[in-house]
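Peer 1: pasting the structure only:
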């Protein structure tokens, strides 16, 4: 095929104060660069939008650099190779890479990951078999050191990471899995589709009242996607030698003033609680181990996942805002 | 010698609300029980008073049971065996055990630890070579996993645990050791006697302002004896992959309302910070390893320690209140 002369890419044009607004983003036309030696040109078919991207919209030092102003934004994407100057990659190959937020991307071959041929579920490699699923797996296996019989609490449990974490916990031998989510429909989904033993809507009553009902014998692991009042309630509910995976604090991403922290950290001393922050990209070396353990569960249907699709590159910012509001169930994917 | 017919023991007679008051305690006369088979009678010469005892005055579930009302209180003590029905223990032997707060104690032999014969510093076995020193060692070696070149911050650094933790950190290879304390005299002691690189008085200005001056390149380990604003400042100052030893939260022991927690726990995610609660009694199996590593440093004078003595069993409650107020420098010991 002849290559397109130009493509479109989202730029961040101003930094949000609090919740992002459409005016922070601009969709701009750019020349498409033909692949050089060792590169491929990818036509993106699916883009990932994820809560961590909100942090990158601020101009502060973090574990991933902030989005530059007036440059193309990036993030996980899935697409089809349309031109290749790299050995082992040919037009038609499906790959994931990190140059999302645009329709065409010229990427070094070493930064793309080819999908298994004829995979029936390519978009799963942005979700349950991609970064969100890997995050859930790392949190349970590598950070919380999950053990047979553990009671596990997951917040933000209807999201891409949370729904996978709850199911993986069960598949790894947890005795009880409970979750929180932000609407009655999501709570219903946790118990009916994802097999949580109990779930509650954190908007309905204080977490500190609902968690002890859902987990009357306490919890051994708290997988924290939320922070704030969830964390405080989890510390109170925790058994001796409990473990907290600090994975994200979505409740705080849009906050302009830091909310007060849990007032019961003193309990961590006597209960010997361990809390550990994690960033999934530290664990790339374990990716094959993750795929080996988890892909069979996806294939067998034991590990279920949902995707919320938003269509059209032009709707990518709105899709991200939707994730931050909690509009999605499971992985939010922009389909081009 | 003929055994005394009675001795005196402190009872907790009411539970404090906030700061304990003298009326919470009563010194009562009790019969002294002659040792049965496998027991020894110990005349206590030194009693330990420690911050953790405040927690035991409340009637709530914790890692050590609360003091019972109208029963003898307990805690670490050092004394001389005056009668023995146990093999291997003879009158004149010095032992540590856990039946403090009284002048005579009848103790099973398996619950006493004999001191090395002719030790020149018996009371050190209540402090730098006893539970407080062991706490500092466990925190650094087993919890924080201290590494050559680490920058270490210790709060409550003039206390028995803190002063040992700071010095041990240095002896274990820390590149920079900073501490906080609650008076100019203590701060002076940290740098002049205990070899801290920098120290500050947390009453003088916010910890969040003073810590970055004392540790301009950040910290790798925070040894937390205090909680509250210290913990918040430490999280902000922490480098990637930092570790927090949650050892005690003395600032909160007398609080009637829980103080707000750190508002920056979100930083723990991106910095991959690990915070871990610890209780020294979990680590008894490592006690020989501790003595092997640390006793030579005490003998050589490389590890220095101070003791604050209060004389007389009748002053034990006041000595405990003094520890909670911060009157002591180093280990607080009641000398009978």
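Peer 2: Noted; the coordinates are in hand. Model, not experiment: these values are computed from the prediction.
Peer 1: What helix or strand is residue A:106 located in?
Peer 2: Using DSSP states H and E, the element containing residue A:106 is strand A:104-108.
Peer 1: after that strand, next one along is what?
Peer 2: Next helix or strand after strand A:104-108 toward the C-terminus (DSSP H and E): strand A:113-114.
Peer 1: who does that next one touch, helix- and strand-wise?
Peer 2: strand A:94-97 (3 or more Cβ pairs under 8 Å, 6 or more residues apart in numbering or on different chains; DSSP states H and E). For every residue, glycine as well, the C-beta is placed using N, CA and C.
Peer 1: Quick one: neighbours of residue A:285, just the number.
Peer 2: Using other Cβ atoms under 10 Å in any protein chain shown, residue A:285 is surrounded by 7 other residues.
Peer 1: wait, is it part of a helix?
Peer 2: Yes: Residue A:285 forms part of a helix when assessed by DSSP: H, G, I helix; E, B strand; the rest coil.
Peer 1: And it, how close does it get to chain B?
Peer 2: As judged by Cβ to the nearest Cβ, to the nearest Å, residue A:285 and chain B stand 15 Å apart.
Peer 1: Next, the buried residues of the strand holding residue A:106.
Peer 2: A:104, A:105, A:106, A:107 (16 or more other Cβ atoms under 10 Å in any protein chain shown).
Peer 1: Show me what that strand is packed against.
Peer 2: Checking 3+ Cβ pairs under 8 Å, 6+ apart, strand A:104-108 ends up next to strand A:39-48, strand A:77-84, strand A:94-97.
Peer 1: Looking at those strands, which is nearest to residue A:236?
Peer 2: Residue A:236 lies closest to strand A:39-48 among the helices and strands packed on strand A:104-108, at 34.6 Å (Cβ to Cβ).
Peer 1: Adjacent strands (with direction) for that closest one?
Peer 2: Here strand A:39-48 is paired, per DSSP bridges, with strand A:77-84 (antiparallel), strand A:104-108 (antiparallel), strand A:331-335 (antiparallel).
Peer 1: Deepest in the core, which of the helices and strands packed on strand A:104-108 is it.
Peer 2: Compared across the helices and strands packed on strand A:104-108, strand A:39-48 shows the largest average neighbour count, a mean of 24 (mean count of other Cβ atoms under 10 Å in any protein chain shown).
Peer 1: Rounded mean pLDDT for that strand, please.
Peer 2: Here strand A:39-48 scores 97 as its mean pLDDT.
Peer 1: What of stretch A:175-182?
Peer 2: Averaged across stretch A:175-182, the pLDDT comes to 97.
Peer 1: and it, how far out from the chain's middle?
Peer 2: 17 Å (Cα atoms, centre = their mean, to the nearest Å).
Peer 1: Same question for stretch A:165-184.
Peer 2: Mean-position distance between stretch A:165-184 and its chain equals 16 Å (Cα atoms, centre = their mean).
Peer 1: quick one: terminal-to-terminal distance for that stretch?
Peer 2: 20 Å (Cα to Cα, to the nearest Å).
Peer 1: go on, stretch A:86-104?
Peer 2: End residues of stretch A:86-104 are separated by 17 Å (Cα to Cα).
Peer 1: can you pull the buried residues of it?
Peer 2: So, applying 16+ other Cβ under 10 Å, buried residues of stretch A:86-104: A:86, A:89, A:93-97, A:99-104.
Peer 1: can you list the residues of the stretch 151-300 of chain A near chain B?
Peer 2: Contact residues (Cβ under 8 Å from any Cβ of the partner chain) of the stretch 151-300 of chain A with chain B: A:227, A:231-232, A:240, A:246-249, A:252, A:258-266, A:268-279, A:282.
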